[in-house]
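# Fold the following, please.
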Amino acid sequence: MTIVREQQSPATPDGSVTTRQVADVTLPRDELDRIWSPAYLERLASTYWRFLTRISLGLLRVLYTQDAREVVLLTRPFVLLRFHVPEYETEGDRGSVTWRIDRGLLVAPAGRRGRGYLRISVERPPAAERDGEEITGRVTSEVANFYPTIAGWGWFARIGRHLYGFTQLKIHVIVTHAFLRSLARLDLAESKIGALAQPGRVQSTREPMS
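Next up is the predicted model:
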């Protein structure tokens, strides 16, 4: 596992920020072929939430409902982040899962109701380039159009953006890097929903992953 890229866009005039971390994972070809399916994409999504709970020593929990995923501090009503249900997109050599940000204590009012999102994407080389016993795939974690509450607004925004960069953003980057590195073990969690294990349940699909 190698972290190959880290990008952070400067805060836009309206206060939103975007960060992206990219890692390459080299696996035996047979192993990558075995897990290259929509069902394992859903398991990858579940693994992210499980990792968040573990690395926080249980302080952060993920609650599943019919229309949301909530990251809470121990329990409700301390909902730090509330996401809409995940949107899956798959094609031959790429798959992604996107959670649109609804609201939460960490989200400023300007960034609520789906303006920002968290997305995890996986890619592998085209078939013509997949030779040899090992293949290197790419995993990307991206948070886009996020409006952090801690950054504030109005006159405080100039100070708040620096405060966000030295606190919440640094924690997010450290956790994301640790998550990406953990994927080398291929210890993928079982999905709590299992939507993609059922034919016809992929929400947005160009063609099956195969």
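
# Check for me that residue 140 belongs to a helix.
No: remark: residue 140 does not belong to a helix; assigned using DSSP: H, G, I helix; E, B strand; the rest coil, it is strand.

# give me the beta-bridge partners of it?
Per DSSP bridges, residues listed as beta-bridge partners of residue 140: residue 22, residue 121.

# Please renumber the chain so that the first residue is 28 from this point on.
Right, with 28 as the first residue, what we last looked at is residue 167.

# Would you check how far apart residue 159 and residue 60 are?
Taking CB to CB, to the nearest Å as the measure, residue 159 falls 13 Å from residue 60. C-beta coordinates here come from the backbone N, C-alpha and C atoms, glycine included.

# Compare neighbour counts for these two and give me the winner.
A count of neighbours by other CB atoms under 10 Å puts residue 60 above the other of residue 159 and residue 60, at 14 against 9.

# Check that one and give its pLDDT.
In the predicted model, residue 60 carries a pLDDT score of 87.

# Is it in a helix, a strand, or coil?
Per three-state DSSP, the local secondary structure of residue 60 is helix.

# Kindly list the main-chain dihedrals of residue 109?
Note on residue 109: its backbone torsions stand at phi -120, psi 120 [degrees, to the nearest 10].

# Tell me the pLDDT of the residue nearest to it when sequence neighbours are not counted.
If the residues on either side of it in the chain are set aside, residue 109 comes closest to residue 129, at 4.4 Å by CB to CB, 6 or more residues apart in numbering. For residue 129, the pLDDT comes out at 96.

# Give me the neighbour count for residue 129.
For residue 129, the count of nearby residues is 21 (other CB under 10 Å).

# pretty sure it is touching residue 112, no?
No: if you go by CB atoms under 8 Å, residue 129 and residue 112 don't touch, sitting 10.1 Å apart.

# Now for these two: what residues contact both?
Residues touching both residue 129 and residue 112 (CB atoms under 8 Å, 6 or more residues apart in numbering): residue 95.

# what's the helix or strand containing the residue nearest to residue 109 packed up against?
Secondary structure from DSSP states H and E places residue 129 in strand 121-130. Counting contacts by 3 or more CB pairs under 8 Å, 6 or more residues apart in numbering; DSSP states H and E, the secondary-structure elements packed against strand 121-130 are helix 65-82, strand 106-110, strand 114-118, strand 144-150.

# can you redo the ones you listed as JSON lines with mean pLDDT?
Supplementary listing: these in JSON lines, determined by pLDDT from 0 to 100:
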{"stretch": "helix 65-82", "mean pLDDT": "94"}
{"stretch": "strand 106-110", "mean pLDDT": "97"}
{"stretch": "strand 114-118", "mean pLDDT": "92"}
{"stretch": "strand 144-150", "mean pLDDT": "96"}
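
# Could you point out which of those sits nearest residue 92?
Nearest to residue 92 among those is strand 106-110; the distance by CB to CB comes to 9.5 Å.
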